[in-house]
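J.: could you work out the structure for the sequence below:
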Amino acid sequence: YESVIPQQGERRRFVTGLVGRTGLFAPLSLLQRISVRWRIRCPLFIAALVPVLLAVGGVNPGWSALIAALLFLLLDTFLQNQITHPLKTMQKQAQSVVSGRKAQHIHFNRVDEIGQLMRSINQFALNLHSLVDDVSTQVKGMTDVSQNLADNNTSLNTRTEETSANLQQTAAAIEEITVC
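T.: Predicted structure coming up:
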């Protein structure tokens, strides 16, 4: 965020909650803002368009097949990095939260549906951990109060027994005096 300070932030600005680039390098931060729908549609469009362009361009079918295969490998890698890996990371984070372990904060530098879902999982983990801490603090407080009450009850019981013994001695002394 310090890079966005007016004196230093000529090339950066806030874009939907993230620090993004401006000017010539603005397209480099496009992947932070593009939705999941378009992350899938763009590679599919390219995958459909390239074979058509190769056929129209008169490229040898063997080369076209090789180029298409390489293109599909690149698109597969892109989709894995943009969708599959973040989903697996979110699944591990959610399982960590569900199991009750304190989850580490994971941040995706993106504001699409996957980034929002990761922020929601992080917030849920934080809220759940806070709630568990509050409940355990309350339980400890109740345990301390219960122990204090039990100690006071024991003390009161001891004093009551002593008072009862004193009353019995007094009653016995009074009875002796009246018998004489």
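J.: and the longest helix along the chain, what does it pack onto?
T.: If each helix of the chain is counted by residues according to DSSP state H, the longest one is helix 113-179. Secondary-structure packing of helix 113-179 (3 or more CB pairs under 8 Å, 6 or more residues apart in numbering; DSSP states H and E): helix 85-98. Every residue, glycine included, has its C-beta placed from N, CA and C.
J.: in contact with the residue nearest the centre of the chain, which residues are there?
T.: Among the residues of the chain, the smallest C-alpha distance to the mean C-alpha position (CA atoms, centre = their mean) belongs to residue 122, namely 1.5 Å. Neighbour list for residue 122: 93, 103, 105, 106, 107 [criterion: CB atoms under 8 Å, 6 or more residues apart in numbering].
J.: now a ChimeraX select for only the buried ones of the residues you listed.
T.: With 16 or more other CB atoms under 10 Å as the burial test, the buried ones among the contacts of residue 122 are selected in ChimeraX as follows:
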select :93,103,106
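J.: between the contacts of residue 122, which sits nearest residue 167?
T.: Residue 167 has its nearest neighbour among the contacts of residue 122 in residue 103, at 63.2 Å by CB to CB.
J.: next, the closest one: secondary structure please.
T.: Per DSSP: H, G, I helix; E, B strand; the rest coil, the secondary structure class of residue 103 is coil.
J.: I figured it hits residue 93, correct?
T.: Yes: contact status for residue 103 versus residue 93: in contact at 5.6 Å, counting by CB atoms under 8 Å.
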